[in-house]
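>>> Using only what follows, build the 3D model:
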Amino acid sequence: MRAWLRERRRSRLRGRPFPQEWKEIIERTVPIYRKLDEADRSELSGHIQVFLHEKRFEGGAGLAITDEMRVTIAAFACVLLLHRQTDYYPRLYTIIVYPGAYVAERFAREPFGVVTERTETRLGESSVRGAIVLAWDAVRAAGSNVDGGRNVVLHEFAHQLDAEDGSVEGAPALPDASRYATWAQVLGAEYERLRRDTALGRRTTLDRYGATNPAEFFAVATECFFTQPQRLKADHPRLYGELRNYYQQDPIGL
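Residues are numbered from 1 along each chain as shown. Down below sits the predicted model:
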């Protein structure tokens, strides 16, 4: 019953008229939107309505949250949901936005059980405990640098997709169990290739940060898929094909 009521509410939200001021924001700050056809724009607008209703935004370091911030972030996040059954990032409740890069503490367990604390400067992070943190200047940069290959919103929300099955290991929930074997074979091989190329200092289409672990590889590959699809398909055709099948989109055709 609760699921039925939730979907009924979401259906009503998707059917609401989309505010003109929100459309103007998206046209200005989300380059992908300008390439979509009318059917995809309509679907995206409906997803944004649900997303903004269900997720809470908070400002970090005294930042006042604006509609431009909320709508831009929601639009990028919902691009990943097009053409697929979605539960709107069910493990996510809050998006915290800082004006720029922020400092976060990181705890690491060293040999013999010693725990060390470090500070890191970050542009974004995703938590399985229900929050995403983003640096607003990095979000704006992603909107203005169309082919730059980096998009912090796509990256962090790819981590949320990865976490939907309860673990974060570079394999999101796939609609058909038979697809996991191919996914593991293709992405596993591409991850190892990136690790080798990074270690040898070779030029890579994928950001070298993807060599950190399989979860970061999936997030980096998602960024590249939507921001540099031609290069990704040319250099990594099998990886491109797996992402195209998963996202049910072909950015080259936009």
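
>>> Contacts only, for the closest residue to Tyr247 other than its chain neighbours.
Among residues not flanking Tyr247 along the chain, Leu80 sits closest, at 6.7 Å (C-beta to C-beta, 6 or more residues apart in numbering). C-beta coordinates here come from the backbone N, C-alpha and C atoms, glycine included. By C-beta atoms under 8 Å, 6 or more residues apart in numbering, the contact list for Leu80 reads Leu154, Phe157, Ala158, Leu161, Thr222, Tyr247.

>>> is it fair to say the fourth one lies in a strand?
No - in this structure, Leu161 is helix, not part of a strand, as judged by DSSP: H, G, I helix; E, B strand; the rest coil.

>>> mind listing which of the contacts of Leu80 are in strands?
Per DSSP state E, strands hold no members of the contacts of Leu80.

>>> Among those residues, which one sits closest to Arg6?
For Arg6, the nearest member of the contacts of Leu80 is Leu161. The distance, counting by C-beta to C-beta, is 19.2 Å.

>>> what residues are up against that closest one?
By C-beta under 8 Å, 6+ apart, the contact set of Leu161 is Leu80, Tyr89, Pro172, Ala173.

>>> switch the cut-off to 7 Å
Leu161 makes contacts with Leu80, Pro172, as judged by C-beta atoms under 7 Å, 6 or more residues apart in numbering.

>>> Strands of the stretch 51-200 of the chain, start to end?
Using DSSP state E, counting those that start in this stretch, the strands of the stretch 51-200 of the chain run over 56-59, 94-98, 102-109, 115-122, 124-126, 131-135.

>>> any chance of the ones you listed in CSV, plus mean neighbour count?
Formatted as CSV, the strands of the stretch 51-200 of the chain follow (neighbours: other C-beta atoms under 10 Å):
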stretch, mean neighbour count
strand 56-59, 14
strand 94-98, 21
strand 102-109, 11
strand 115-122, 10
strand 124-126, 22
strand 131-135, 22
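
>>> among those, which is nearest Pro237?
From these, taking C-beta to C-beta, the stretch that ends up closest is strand 124-126, at 28.1 Å.

>>> for this protein, which helix is longest?
Scanning the chain for the longest helix, with DSSP state H as the assignment, gives helix 179-199.

>>> Report pLDDT for the nearest residue to Arg41 once chain neighbours are set aside.
Counting by C-beta to C-beta, 6+ apart, Arg41 lies nearest to Tyr33, which is 6.7 Å off, once chain neighbours are set aside. What the model reports for Tyr33 is a pLDDT of 95.

>>> List the contacts of Tyr33.
Counting by C-beta under 7 Å, 6+ apart, Tyr33 touches Ile26, Glu27, Arg41, Leu44, Ala75.

>>> Can I get the strands of the stretch 51-200 of the chain in CSV including distance to Lys233 and mean pLDDT?
Conversion of these to CSV gives the following (distance: least, C-beta to C-beta, whole Å; pLDDT from 0 to 100):
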stretch, distance to Lys233, mean pLDDT
strand 56-59, 35, 98
strand 94-98, 31, 98
strand 102-109, 35, 74
strand 115-122, 30, 76
strand 124-126, 26, 96
strand 131-135, 28, 98
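
>>> out of those, which comes closest to Thr182?
Shortest distance between Thr182 and the strands of the stretch 51-200 of the chain, using C-beta to C-beta, is found for strand 124-126: 25.5 Å.

>>> Would you mind listing the outside residues contacting the closest one?
Contact with strand 124-126 is made by Ala104, Ile132, Val133, Leu134, Ala135, Ala138, Val152, His155, Glu156, His159, Gln160, as judged by C-beta under 7 Å, 6+ apart.

>>> Can you tell me which of the residues you listed is nearest Arg196?
For these, the nearest to Arg196 is His155 (22.4 Å; C-beta to C-beta).
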